[in-house]
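Enquirer: Sequence first, then the predicted structure, then my questions.
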Amino acid sequence: MAKRLYKIEAGRKIFGVCGGLAEYLNVDVVLIRIVWLVFALCYGAGILLYIIAALVLPNKSEVAE
């Protein structure tokens, strides 16, 4: 079965995008949050990408496993 990208509900800080991405990539969520913050502060596109991901990605409970 293929891995799916989704937002997490448990343990999320804002919308759960970083937590879902961390589970998908199998890395620590803190690392993803730091990278996303640096990307947002340096390039500004990180904020826009986060909002788009929050709107587009399904929640973990909506994804059939």
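Expert: On my side now, so go ahead.

Enquirer: CA atoms for contacts and neighbours, from now on please.
Expert: OK.

Enquirer: Give me the phi and psi for G16.
Expert: The phi/psi pair for G16 (degrees, to the nearest 10) reads phi 90, psi 10.

Enquirer: Surely it touches E9?
Expert: Yes. Contact criterion C-alpha atoms under 8 Å: G16 and E9 qualify, at 6.2 Å.

Enquirer: Who has more neighbours out of these two?
Expert: G16 (22 against 16; other C-alpha atoms under 10 Å).

Enquirer: Next one, pLDDT for M1 please.
Expert: Looking at M1, its pLDDT stands at 61.

Enquirer: Check L25 too.
Expert: Note for L25: predicted pLDDT of 92.

Enquirer: mind starting the numbering at 35 from now?
Expert: Okay, using 35 as the starting number, the last item reads as L59.

Enquirer: how much space between it and C76?
Expert: According to C-alpha to C-alpha, to the nearest Å, L59 stands 23 Å off from C76.

Enquirer: Which of the two has more residues huddled nearby?
Expert: Between L59 and C76, L59 has the larger neighbour count (other C-alpha under 10 Å), namely 13 against 10.

Enquirer: list the contacts for the residue most central in space within the chain?
Expert: When C-alpha atoms, centre = their mean is applied to the chain, the residue found nearest the centroid is V51 (2.3 Å). Counting by C-alpha atoms under 8 Å, 6 or more residues apart in numbering, V51 makes contact with Y40, K41, I42, Y84, A87, A88, L91.
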